[in-house]
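In: Sequence below, structure please.
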Amino acid sequence: MVFAVNCGFDDQPNSFANFKKSALAIGASLSAEAAASPTPTGAYPAAPPPAQYTTAAYGDYTIPAAPQVTPVTQTVTLDDKVWTTTYDSYPGSPDPTPISAEGAIHRVIVGGPGKLVFDPPFVAAQPRDTVVFEFRQKNHTVTQSSFADPCRKLASGGFDSDLFSVSVPVPDSTTSDYPTWSVVVNDTAPVWAYCRQKTPVSHCGAAMVFAINPVETSERNFTAFQNLAKAINGTAAAANAEPTTGPKNNGAVSVRMGGAGFVLAFTAILASFL
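Out: Numbers count the residues shown, from 1 in each chain. Next comes the predicted model:
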């Protein structure tokens with residue numbers, strides 16, 4: 001697409017026909033060079049794939065979608081022992097090698113005078129580690145849920161301590177002899193849990209939630225889980241059965257009440273993780 005003013009006649013070098021012919025030749029040359037050149041990588045990195053989102057179990061809340069998992073079989077060496085383990089690997093998945101044959105102990109305080117908290121709110125644990133929940137004042141549970149449905153028990157499987165009621169003879173000032181309930185970790189996937197006490201208000205709706213191995217570098221981190229629990233506010237908790245006293249036979253459990261000296265022990269495998 002060219003134009004000229006006062007160009008020469010067609011038989012002259014500065015004619016419009018020669019000008020147009022020269023422009024076409026230059027265009028053809030540039031096209032040939034572009035076709036022969038490799039595709040440039042570009043000065044900027046490729047844009048990351050768009051984030052994937054889904055909705056919570058109810059309430060129309062948008063949440064990050066679950067990560068894609070890949071089954072992995074890995075040989076684990078610990079001291080003089082070697083074994084093969086198969087687990088689901090996902091972005092941010094920790095190494096499946098236990099810290100020791102016995103595993104580490106993670107102590108979590110549940111509740112306390114005027115507190116609706118798990119302290120700490122989450123832990124990073126390896127397979128064979130034990131998470132010991134120490135129940136303080138008032139009535140609390142530790143119940144497995146899922147990221148998308150933080151304030152309801154898993155439909156099947158999962159752990160549930162049932163209700164621990166702590167009052168007398170353990171006063172607020174006591175720092176020992178509280179009842180405990182334990183879970184042995186046997187996977188590296190995130191585990192989500194909450195307190196399902198609903199009286200006088202939903203403890204889960206008040207952000208009393210807990211996690212094992214949340215991927216804090218992802219959008220499905222502990223804060224996102226806790227915020228969803230607060231947003232949902234435990235409004236679906238009524239769909240669950242009322243908490244009952246006494247631990248179920250569904251976890252590694254050790255209970256000792258106020259120096260009374262009785263111990264209840266139960267053993268099972270930690271349920272599937274979401």
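In: what's around residue 132, how many residues?
Out: For residue 132, the tally of surrounding residues (other Cβ atoms under 10 Å) stands at 15. (Glycine included, C-beta is placed from N, CA and C.)
In: If you rank every helix and strand of the chain by mean pLDDT, what lands last?
Out: In the chain, no helix or strand scores lower on mean pLDDT, DSSP states H and E than strand 253-255, which sits at a mean of 29.
In: check contacts around the nearest residue to residue 69 once chain neighbours are set aside.
Out: Counting by Cβ to Cβ, 6 or more residues apart in numbering, residue 69 lies nearest to residue 88, which is 4.1 Å off, once chain neighbours are set aside. Taking Cβ atoms under 8 Å, 6 or more residues apart in numbering, we find residue 88 in contact with 69, 70, 71, 72, 187, 189.
In: residue contacts, residue 185?
Out: By Cβ under 8 Å, 6+ apart, residue 185 lies in contact with 103, 125, 126, 127, 128, 129, 130, 131, 191, 212, 213, 270.
In: And it, how close does it get to residue 104?
Out: Separation of residue 185 from residue 104 (Cβ to Cβ, to the nearest Å): 10 Å.
In: tell me, what's touching the two both at once?
Out: Each of 125, 126, 129, 130 lies in contact with both residue 185 and residue 104 under the rule Cβ under 8 Å, 6+ apart.
In: Same list, these, but as a markdown table with pLDDT please.
Out: Formatted as a markdown table, these follow (pLDDT from 0 to 100):
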| residue | pLDDT |
| --- | --- |
| 125 | 92 |
| 126 | 88 |
| 129 | 93 |
| 130 | 96 |
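In: which residues of the stretch 101-250 of the chain fall in helices?
Out: 222-232 (DSSP state H, counting those that start in this stretch).
In: Low-confidence ranges, it, go.
Out: 167-176, 234-250 (pLDDT under 70).
In: and residue 203, how many neighbours?
Out: 26.
In: Residue 2 against residue 26, yeah?
Out: No: shown here, residue 2 and residue 26 do not form a contact pair, counting by Cβ atoms under 8 Å, at 10.5 Å.
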